[in-house]
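> got a predicted structure plus its sequence, pasted below:
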Amino acid sequence: MTVAQPDVTVVIGAYEAMPYLVECLASVEAQTLAPERIEVIAVDDGSTDGTGAYLEEFAARAPMPVTVVRQANSGGPSGPRNVGLSKAAGRYVFFLDADDRLGPEALERMVAMADRNGTDVVLGRVEGINRKPPTSMWGKTLDRTDVYSSNIKFTLSAQKLFRRAMLERYAMRFDESLWTGEDAVFTMEAYLRADGVSVVADHTCYYLVGRSDGKHVTKTGGYLKRFDSARALMGLIERLVPPGAKRDVLMVRPFLVTLLPQFGPVFLRDTEEVRRRKLELAAPMLAAHWNEGVAHRLKVEQRLRLHLVAAGRPDLLDEVLRFLQAKKEPEPVLEKRGTRLYLAYPHFRSRAAGVPDRIYLAEPREAKGHPGWRQGPTTSFTRRAARKLRRLLSPRRATPRGAATT
């Protein structure tokens, strides 16, 4: 008798996951998708706390087929996920962390969303339990979107529904050489290769659980691993996206989320050796990918910090960091009849520092709300719009493109 292909394979990589694993598996068992439409592949990554035994107990009683793999500890989440993916048979794959849990109806809703829209990746709304998840992408349910026109680039965790045919077509696997950020590289590649992405924003599909013992993998790892992660993500974007505005939009993510925190208040507490090493590691990434297209998409203080790192000026950066640490507000400087707003963070118009004025220029999204500011043609966005309008109205463009001429 031919066994029907399951709709979704739930891959669970587990290491020292007790007692969180109990509720994790209960959330799988409670799914409204019929049991025969789900398969579970659970990989015990060398646990010593009873995780493997509990997985086998669950497999013996679960209503859906469950495969348990027990292996020596691999040191990170990539290995177990890759093992599970290699054994998956479902049309879709969902990666579930053993200390988290699914929301009610999560799999049914996400599979239906992918089937209805023909999309290759589905994001389900995430809520945190003793953890703070990203929120900017849950404003609206989207049947079909992409990584450029939505905020999905700010959620690159692996806990999403992926069409397995796409993963196999591109031989996608998690990078086992990365000790953190491996899911960011995998998920960004999926976004870029996907034939559409869906967002389920009106129903909680996933609960991100903060462990009381502090052993969650994203909370571990030194600064060197963060630089490895940023380098890998930038490299992927460089390989898959040609230079230009689209690449700049995506480069914001590794600069803002992974690299910039290394040059926050922690930098003031770092030893001289660590500070020197961080600047050395950041230099080639900034040289290759830091440009005006990325910079103007950041807030002024974020842009200023990265500019000073790129310039190799930790002495100037320290003053900026102390200013931020003290929660001071920069003095607003309005010019050009209120259409140009500078935020006077430290070193603004200091001849000794030599930081260009453009670094302090607030873009419209940041300038909104400042008394006296009004959007005008001197902002970068409206300058571009004005130039485009002038070209369209030029007599040389009076004949529509492609029309016959006599």
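Received the coordinates, thanks. Numbering: from 1, shown residues only.

> just the helices in the stretch 101-250 of the chain please.
106-117, 164-169, 182-193, 223-240, 245-253 (DSSP state H, counting those that start in this stretch).

> just put these in a markdown table and tack on mean pLDDT.
Shown next, in a markdown table, are the helices of the stretch 101-250 of the chain (pLDDT from 0 to 100):
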| stretch | mean pLDDT |
| --- | --- |
| helix 106-117 | 98 |
| helix 164-169 | 98 |
| helix 182-193 | 97 |
| helix 223-240 | 97 |
| helix 245-253 | 97 |
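
> looking at the ones you listed, which is buried most?
Most buried of the helices of the stretch 101-250 of the chain, by mean neighbour count (mean count of other C-beta atoms under 10 Å): helix 182-193, with a mean of 22. Any C-beta I mention is one placed from the backbone N, CA and C, and that applies to glycine too.

> now do that one: which elements does it pack against?
Judged by 3 or more C-beta pairs under 8 Å, 6 or more residues apart in numbering; DSSP states H and E, helix 182-193 is in contact with strand 121-129, helix 164-169, helix 223-240.

> need the next SSE after the helix or strand hosting E23, C-terminal direction.
Using DSSP states H and E, E23 maps to helix 20-29. Toward the C-terminus, helix 20-29 is succeeded by strand 38-45 as the next helix or strand (DSSP H and E).

> now do the buried residues in the helix or strand following that next one.
Toward the C-terminus, strand 38-45 is succeeded by helix 51-61 as the next helix or strand (DSSP H and E). For helix 51-61, burial by neighbour count (16 or more other C-beta atoms under 10 Å) applies to T51, G52, Y54, L55, F58, A59.

> cool, and stretch 58-71?
In stretch 58-71, counting by 16+ other C-beta under 10 Å, buried: F58, A59, M64, P65, V66, T67, V68, V69, R70.

> show me the beta-bridge partners of the last one.
Listed beta-bridge partners, R70: D44 (assigned using DSSP bridges).

> so how far is A89 from it?
20 Å (C-beta to C-beta, to the nearest Å).

> ditto for the fourth one
In this structure, P65 and A89 are 9 Å apart, going by C-beta to C-beta.

> what sits in contact with each of those two?
P6, E39 (C-beta atoms under 8 Å, 6 or more residues apart in numbering).

> helix, strand or coil for A353?
Under DSSP: H, G, I helix; E, B strand; the rest coil, A353 falls in the coil class.

> quick one: it and Y360 touch, right?
No - using C-beta atoms under 8 Å, A353 is not in contact with Y360; the gap is 11.3 Å.

> more neighbours, the two?
Between A353 and Y360, Y360 has the larger neighbour count (other C-beta atoms under 10 Å), namely 22 against 15.

> the spatially closest residue to R144 that is not a sequence neighbour: neighbouring residues, count only.
Spatial nearest neighbour of R144, excluding adjacent residues (C-beta to C-beta, 6 or more residues apart in numbering): G196 at 4.5 Å. G196 is flanked by 17 other residues according to other C-beta under 10 Å.
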